[in-house]
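**Student:** Sequence and predicted structure are below.
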Amino acid sequence: MIDKRLLGILRCPVSRGPLVLKNEELWCRQSGLAYPIRDGIPVLLEPDARRLSVEEIDEIEHS
């Protein structure tokens, strides 16, 4: 889906933190946002992101 090299380069546009591929989205623990991937292309726009739940943020920390 997302090339590992690209994933290593991408950063959250809000926090500049690293992104983690989870459930076909890119999750950022620092900002608490999940960015969609549409047709294989990451959409790193804050208005298109959704808020992560506390449980989802915990999942990032424990993976």
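**Tutor:** Done, it's in.
**Student:** biggest strand in the chain by residues?
**Tutor:** Of all segments of type strand in the chain, defined using DSSP state E, the longest is strand 33-38.
**Student:** Next, the buried residues of it.
**Tutor:** Under the neighbour-count criterion of 16 or more other Cβ atoms under 10 Å, strand 33-38 has L33, A34, Y35 buried. (C-beta placed from N, C-alpha, C; glycine too.)
**Student:** Repeat that for stretch 41-54.
**Tutor:** P42, L44, A49, L52.
**Student:** Just put the residues you listed in TSV and tack on pLDDT and distance to D58.
**Tutor:** Listed next are the buried residues of stretch 41-54 as TSV, based on pLDDT from 0 to 100; distance: Cβ to Cβ, whole Å:
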residue	pLDDT	distance to D58
P42	95	23
L44	98	23
A49	98	19
L52	97	10
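**Student:** and of those residues, the nearest to E59?
**Tutor:** Set against E59, the nearest of these by Cβ to Cβ is L52 (8.8 Å).
**Student:** ok, back up a step: give me the subset of the buried residues of stretch 41-54 lying in strands.
**Tutor:** Using DSSP E, the buried residues of stretch 41-54 in strands are P42.
**Student:** how about the buried residues of stretch 41-54 in a markdown table, adding distance to L10?
**Tutor:** Written out in a markdown table, the entries for the buried residues of stretch 41-54 read as follows (distance: Cβ to Cβ, whole Å):
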| residue | distance to L10 |
| --- | --- |
| P42 | 6 |
| L44 | 7 |
| A49 | 13 |
| L52 | 17 |
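**Student:** Out of the buried residues of stretch 41-54, the closest to V20 would be?
**Tutor:** Closest to V20, out of all of the buried residues of stretch 41-54 and judged by Cβ to Cβ, is L52, at 10.6 Å.
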